[in-house]
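Undergrad: Okay, structure incoming, though there's no sequence with it:
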């Protein structure tokens, strides 16, 4: 016992010293962020690329704790930036002295498993999708579905809607879309990270929903585009704001982003849902970053801005590889314009002087 | 050596001091259990107080669970918890008892060891493994083969009211029945092992007496062994029930996570533990959402505690008689 007590500090000493040595130099140029899980892979990859880019780069430490936790942590100022899939309301931004800007675009796509039917050929409207998810439309050969899919032989099997069992930003985007296009869904279910689903089954994570749809004949579910693309899943066509049936595609997401009303968006939270256009995908949404308007250390916030500026300019290849969608250049410029409204001690934080 | 008479005295005093220290440390050890238990209960209750204050008894009896409108009633989750646990017990009890009786009475002694080890290994499988197996193997099998058959076979059972249809449901594979099957497999080793120990504790004299009277194995079992250890057998079952009530990870995968009143035994549902696990990561401190989850934890604690208390009571009655 005594021997151990004497030996233990001696053994731990070098270990601790090594740990301190590795942490300290990085700390000086560290950016810490926390929040949404959806953009975590792209933020981390951008962070790695940025750290390697040399110059004045910093090391990013991003913790994917969920959107709610990200908002809480930036309000408590325990991180340098927070990240949230759903935008924070303007009143709350003002009350908590936060600046919000979109960082990257994501989309939600709908996958199905209908025996004998090619999922990519199937068409649905938002209103029908809403009725399916409240249990109003229960069979795949429902006359309403058949009417817009004249070329398909739809079987008489029950529709089994799948949803995220965990609280999720993906659910928030999907239910917001359904609430905006389906009055009955808005009335009976509503929008949120977690909602009271009237029918169907819940599975944990994108992977759970995808597997549930794959397992169940007649299944339908929603997943992030990045997840579907990564796993080669085929998504169905949805009707967009112009009444056109479109297949989810990166140009379609970009068109939706370009169509959004950025000028009047409160807290830069422009809705990209159900946008009109030739190929605009109706369930497109940005994920957001929150930085303090009154930072204790303006240099830290500047580092965050510089990181995102670098990522906007150099991150396209990485985004492409990971199936995320960059903000259109004109939106990036709007974001930078917002940054220049951050003023500490009479000096704007952006553009960073000398960079 | 110089004072031979003193040495036992010192020894005795040392022993006495050591004894006291030992007794005190035992008391502390015992007290820690009680303190931890009570503080968990207290923290759950304090954390969940906002939920009880907001909804009153409606928190327990309310059947609407709606995060959007912030109305939370725990009845769907409580129902799912109790139904899956009881159903699991119904499935696992006869099988567990069969295994135990086989092991103690009719099993060739060469097989007894390996079979006992196999049962213990079943208890060592992590619950997440059961969950994934249930989701990827059992659920598709249920949806393809078992559920259509059940629906067709039991169509004649009249529904309860106009909302509960027993075995009539779309065959989606996941739901209360699948969850119960997984839970049954998970609690089987506990029931089998405890029951085996109980059966082994039956005095050999009694059994020999029964066989000497010309009793068959069945007669010896039902006439002598079971009456002798009845209470302990119930105790074994309740231990299994306690585990089934709180199981989380495996259930999340196979229950279908639908927080609404089920309309059949095969419908997707939710248990208290699965609801907490799913909702906890996004529940922010200080909100009603978190209070509701802690309140659920309190309810589960009370339910599990009652079950274990009943088990202890039955075991004690057995020992006294």
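TA: Sure, I can see it. Nothing here was measured: the structure is a model prediction, and the numbers come from that model.

Undergrad: alpha carbons only for contacts and neighbour counts from here, please
TA: Fine.

Undergrad: Is it correct that residue B:233 is in contact with residue B:195?
TA: Yes. Between residue B:233 and residue B:195 there is a contact at 6.1 Å, judged by C-alpha atoms under 8 Å.

Undergrad: which helix of chain B spans the most residues?
TA: Determined from DSSP state H, the single longest helix within chain B is helix B:6-55.

Undergrad: how about the strands in the chain?
TA: In the absence of a named chain, this looks at chain A. A:30-35, A:59-63, A:81-84, A:98-113, A:123-124, A:160-164, A:201-203, A:219-224, A:237-239, A:245-246, A:284-292, A:343-344, A:347-348 (DSSP state E).

Undergrad: hm, I was asking about chain B
TA: Counting by DSSP E, the strands of chain B are B:65-66, B:71-72.

Undergrad: looking at those strands, which is closest to residue B:258?
TA: strand B:65-66 (9.9 Å; C-alpha to C-alpha).

Undergrad: Tell me which of the strands of chain B sits most buried.
TA: Mean neighbours per residue, mean count of other C-alpha atoms under 10 Å in any protein chain shown, is largest over the strands of chain B for strand B:71-72, with a mean of 22.

Undergrad: so what does that one touch, helix or strand wise?
TA: When contacts are defined as 3 or more C-alpha pairs under 8 Å, 6 or more residues apart in numbering or on different chains; DSSP states H and E, strand B:71-72 packs onto strand B:65-66.

Undergrad: Run the contact check for the strand it packs on versus chain A.
TA: Yes. Strand B:65-66 comes into contact with chain A (C-alpha under 8 Å from any C-alpha of the partner chain), by way of B:65, B:66.

Undergrad: ok now that strand, how far from the chain's centre?
TA: Computed by C-alpha atoms, centre = their mean, to the nearest Å, the chain-centroid distance of strand B:65-66 equals 27 Å.

Undergrad: and the longest helix of chain B, how far out from the chain's middle?
TA: Centre to centre, stretch against its chain (C-alpha atoms, centre = their mean), the figure for helix B:6-55 is 26 Å.

Undergrad: and that helix, average pLDDT?
TA: Across helix B:6-55, pLDDT averages out at 84.

Undergrad: Okay, helices next: where are they in the chain?
TA: Because you didn't say which chain, this covers chain A. Using DSSP H, the helices of chain A run over A:2-28, A:40-52, A:67-75, A:90-95, A:126-133, A:143-148, A:169-181, A:183-188, A:205-215, A:225-230, A:250-259, A:298-314, A:316-321, A:329-339.

Undergrad: nope, chain B please
TA: Using DSSP H, the helices of chain B run over B:6-55, B:58-61, B:75-101, B:109-124, B:127-133, B:139-141, B:147-153, B:176-200, B:204-212, B:217-220, B:226-246, B:249-254, B:272-279, B:288-320.

Undergrad: Minimum distance to residue A:300: which of these has it?
TA: Closest to residue A:300 of the helices of chain B is helix B:288-320 (C-alpha to C-alpha; 32.0 Å).

Undergrad: what number of residues lie near the closest residue to residue A:122 other than its chain neighbours?
TA: Leaving out its chain neighbours, the residue that sits closest to residue A:122 by C-alpha to C-alpha, 6 or more residues apart in numbering or on different chains is residue A:236, at 5.4 Å. When neighbours are counted by other C-alpha atoms under 10 Å in any protein chain shown, residue A:236 registers 20.

Undergrad: okay, now the closest residue to chain A within the stretch 101-250 of chain B: neighbour count?
TA: The minimum distance from the stretch 101-250 of chain B to chain A, using C-alpha to the nearest C-alpha, falls at residue B:172 (5.6 Å). Neighbour count of residue B:172, defined by other C-alpha under 10 Å: 29.

Undergrad: shouldn't it be in contact with residue A:160?
TA: Yes. Between residue B:172 and residue A:160 there is a contact at 7.2 Å, judged by C-alpha under 8 Å.

Undergrad: so what sits against both of these two?
TA: A:216, A:217 (C-alpha atoms under 8 Å, 6 or more residues apart in numbering or on different chains).

Undergrad: distance of residue B:218 from residue A:183?
TA: For residue B:218, the distance to residue A:183 (C-alpha to C-alpha, to the nearest Å) stands at 65 Å.

Undergrad: I misspoke; the intended subject was residue A:330.
TA: Residue A:330 is 33 Å from residue A:183, by C-alpha to C-alpha.

Undergrad: Point out the residues in the stretch 1-150 of chain A that sit beside chain B.
TA: A:65, A:66, A:67, A:68, A:69, A:72.

Undergrad: So which of the residues you listed is the closest to residue B:176?
TA: Proximity of the residues of the stretch 1-150 of chain A next to chain B to residue B:176 (C-alpha to C-alpha) peaks at residue A:66, which lies at 28.9 Å.

Undergrad: so what's that closest one closest to, chain neighbours aside?
TA: Counting by C-alpha to C-alpha, 6+ apart, residue A:66 lies nearest to residue A:36, which is 4.3 Å off, once chain neighbours are set aside.

Undergrad: coming back round to it: any chance of the strands of chain B in CSV, with mean pLDDT too?
TA: Listed next are these as CSV, based on pLDDT from 0 to 100:
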stretch, mean pLDDT
strand B:65-66, 93
strand B:71-72, 94
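
Undergrad: would a markdown table of those with distance to residue A:30 be doable?
TA: Output for the strands of chain B, formatted as a markdown table (distance: least, C-alpha to C-alpha, whole Å):
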| stretch | distance to residue A:30 |
| --- | --- |
| strand B:65-66 | 40 |
| strand B:71-72 | 42 |
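
Undergrad: will you turn the strands of chain A into JSON lines that also has mean pLDDT?
TA: Listed next are the strands of chain A as JSON lines, based on pLDDT from 0 to 100:
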{"stretch": "strand A:30-35", "mean pLDDT": "92"}
{"stretch": "strand A:59-63", "mean pLDDT": "92"}
{"stretch": "strand A:81-84", "mean pLDDT": "94"}
{"stretch": "strand A:98-113", "mean pLDDT": "94"}
{"stretch": "strand A:123-124", "mean pLDDT": "96"}
{"stretch": "strand A:160-164", "mean pLDDT": "95"}
{"stretch": "strand A:201-203", "mean pLDDT": "93"}
{"stretch": "strand A:219-224", "mean pLDDT": "95"}
{"stretch": "strand A:237-239", "mean pLDDT": "97"}
{"stretch": "strand A:245-246", "mean pLDDT": "97"}
{"stretch": "strand A:284-292", "mean pLDDT": "94"}
{"stretch": "strand A:343-344", "mean pLDDT": "88"}
{"stretch": "strand A:347-348", "mean pLDDT": "86"}
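
Undergrad: Would you convert the ones you listed into TSV that also reports mean neighbour count and distance to residue B:163?
TA: Below are those laid out as TSV (neighbours: other C-alpha atoms under 10 Å in any protein chain shown; distance: least, C-alpha to C-alpha, whole Å):
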stretch	mean neighbour count	distance to residue B:163
strand A:30-35	24	41
strand A:59-63	21	45
strand A:81-84	30	40
strand A:98-113	25	28
strand A:123-124	20	30
strand A:160-164	29	19
strand A:201-203	28	18
strand A:219-224	25	23
strand A:237-239	23	34
strand A:245-246	21	38
strand A:284-292	26	38
strand A:343-344	14	61
strand A:347-348	14	63
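
Undergrad: Around chain A, pick out the residues from the stretch 101-250 of chain B.
TA: Looking at chain A, the residues of the stretch 101-250 of chain B close enough under C-alpha under 8 Å from any C-alpha are B:136, B:140, B:143, B:170, B:172, B:173.

Undergrad: how about low-confidence regions in the stretch 1-150 of chain A?
TA: The model of the stretch 1-150 of chain A has pLDDT under 70 over residues A:1-28.

Undergrad: And the residue of it closest to chain B?
TA: Closest point on the stretch 1-150 of chain A to chain B, by C-alpha to the nearest C-alpha, is residue A:68, at 5.5 Å.
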